[in-house]
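Visitor: The sequence and its predicted three-dimensional model are supplied below.
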Amino acid sequence: MTASAAGEPQLFAMPDFRRLWFVGLVIFLVRWLETLAVALFAWQATGSAFLVSMLGMLRVLPMGLFGAVLGAVAERVEAWTALLGIVLVSLVTSLVLALLALAGMLEVWHLAVASFINGLSWAADNPVRRVMVGEVAGAARMGAAMSADVGSNNASRMLGPTLSGLIFAAVGISGTFIVSVGLYGLAVVAMLRLRYRSGVRAADGTGVGARIREGLAAVRADPRLSGTLLVTIIFNIFGWPFTSLIPVVAADRLQLGPEAVGVLASMDGVGAFLGALAVAAWVRPPVYGRCYLGGITMFFLMQMLFALAPHPWAAGAALLLTGFGQAGFSIMQATLVYRLAPIALRSRVLGLLSVCIGIGPVGFVHIGLLADWLGAPMAAAISGAEGLLALLLTRRLWRHIPNGEERP
């Protein structure tokens, strides 16, 4: 099922790529729809920036807890079955939340449980769906495939928060979950039409623990891989958690209503979408590493600028550039790991990537405590400065990421 770059149809001319891309788009869009609605509901119910940050943390926690296991287990499960199960579990979770909200029984702890369950689905995305994307597109076109995939994520970051804010203002949080159920239903239809099957690798007597150790050994043996994963850890401790505070800064400091909060929160999605288009058009393997590192640096700088912005327009501009930087970082993150990992160990190494992303709960706790102590804007600024400092102090460990050359 692997496509070569030469003589093959364009990515979106391939029905299975389109279906996998669409399933990813739905997963991304629902994530952003629900993230903003959950943050607004929790902020209105509790007034605690720390609790809002913790709800965001619960969506990332399963990556750290189970990412390596999921990467190892993914090799022993038919990928189509696993992905269909992920979508169905997410659909049922949103359906339960919609019914609770309609009945007036929804509580913050319900959202906490659902966030953790959805986090499990997110943790499985790298070792399951994105491996399928790579197999359908082919390694030579993985950069273009990831640009399209991350581009859809970024497009959903434009649409999701704005739509979520409008729905929340009009009918409350129940409307968000009803829309989520409908979108997941469309994803199920796409999965049922997907023809690609990965097959199940024959058992070789190697246990899950041994397969995880083999993946770790591959990462330790290649300084480019280990450096790439280190940069991912830095981003997910000091960068990504700050996004959970965007609604708090917008509603509390900038005094915006739900609709305006949604528009402001979508600005990084606009920038990320434009960044994804730029990466697809101009970034080629020899500069993959520079795009990766430049993207995270821009993100941290703009994170600090957003935190200090005195006006919604300035905050929106900073978020636009934050998204542009994140596009380069996030596209190259999965692309570099996929291309550098030994072919037989890709699922395991991508599972380890999920673990590195799953380090994020440390950052959510960190920024949440800072926000309750010093306020959300100062917490975001301090976290961005810490991220830049961490990059500087670890340069000797990630300087081996020169480009995106594939393993032989």
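Guide: Cool, got the structure. Residues are numbered from 1 along each chain as shown.

Visitor: where does the stretch 51-200 of the chain dip in pLDDT?
Guide: 64, 67-68, 70-75, 126, 139, 143, 199-200 (pLDDT under 70).

Visitor: Now do the buried residues in the one helix or strand residue 27 maps to.
Guide: According to DSSP states H and E, residue 27 maps onto helix 15-46. Buried residues in helix 15-46, defined by neighbour count with 16 or more other CB atoms under 10 Å: 16-43. All C-beta spots, glycine's among them, are computed from the backbone N, C-alpha and C.

Visitor: Could you name the helices and strands sitting against it?
Guide: For helix 15-46, the packing partners by 3 or more CB pairs under 8 Å, 6 or more residues apart in numbering; DSSP states H and E come out as helix 49-73, helix 79-102, helix 108-123, helix 131-137, helix 142-171, helix 173-193, helix 246-248, helix 258-265.

Visitor: Same list (these) but as a markdown table, adding mean neighbour count.
Guide: Formatted as a markdown table, the helices and strands packed on helix 15-46 follow (neighbours: other CB atoms under 10 Å):
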| stretch | mean neighbour count |
| --- | --- |
| helix 49-73 | 23 |
| helix 79-102 | 19 |
| helix 108-123 | 20 |
| helix 131-137 | 23 |
| helix 142-171 | 23 |
| helix 173-193 | 19 |
| helix 246-248 | 27 |
| helix 258-265 | 23 |
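
Visitor: ok, now which ones touch the spatially closest residue to residue 321 that is not a sequence neighbour?
Guide: Distances taken as CB to CB, 6 or more residues apart in numbering put residue 302 closest to residue 321, at 4.4 Å, once the chain neighbours are dropped. Listed by CB atoms under 8 Å, 6 or more residues apart in numbering, the contact partners of residue 302 are 318-319, 321-322, 325.

Visitor: you'd agree residue 278 is up against residue 323?
Guide: No - with contacts counted by CB atoms under 8 Å, residue 278 stays clear of residue 323, the gap being 11.6 Å.

Visitor: So which of those two has more stuff around it?
Guide: The neighbour comparison of residue 278 against residue 323 (other CB atoms under 10 Å) goes to residue 323, with 27 against 15.

Visitor: relative to helix 142-171, how tilted is the helix or strand the more buried one falls within?
Guide: Counting by DSSP H and E, the element that carries residue 323 is helix 312-340. Angle, helix 312-340 to helix 142-171, by axes from the mean of the first three to the mean of the last three CA atoms, to 10 degrees: 140 degrees.

Visitor: which helices and strands does the following helix or strand past helix 312-340 pack with?
Guide: Sequence-wise, the next helix or strand downstream of helix 312-340 (DSSP H and E) is helix 346-357. Here helix 346-357 touches helix 49-73, helix 131-137, helix 208-221, helix 223-238, helix 312-340, going by 3+ CB pairs under 8 Å, 6+ apart.

Visitor: now for the helices and strands packed on helix 15-46, which one comes closest to residue 216?
Guide: Set against residue 216 and scored by CB to CB, the helices and strands packed on helix 15-46 come closest in helix 49-73, at 8.1 Å.
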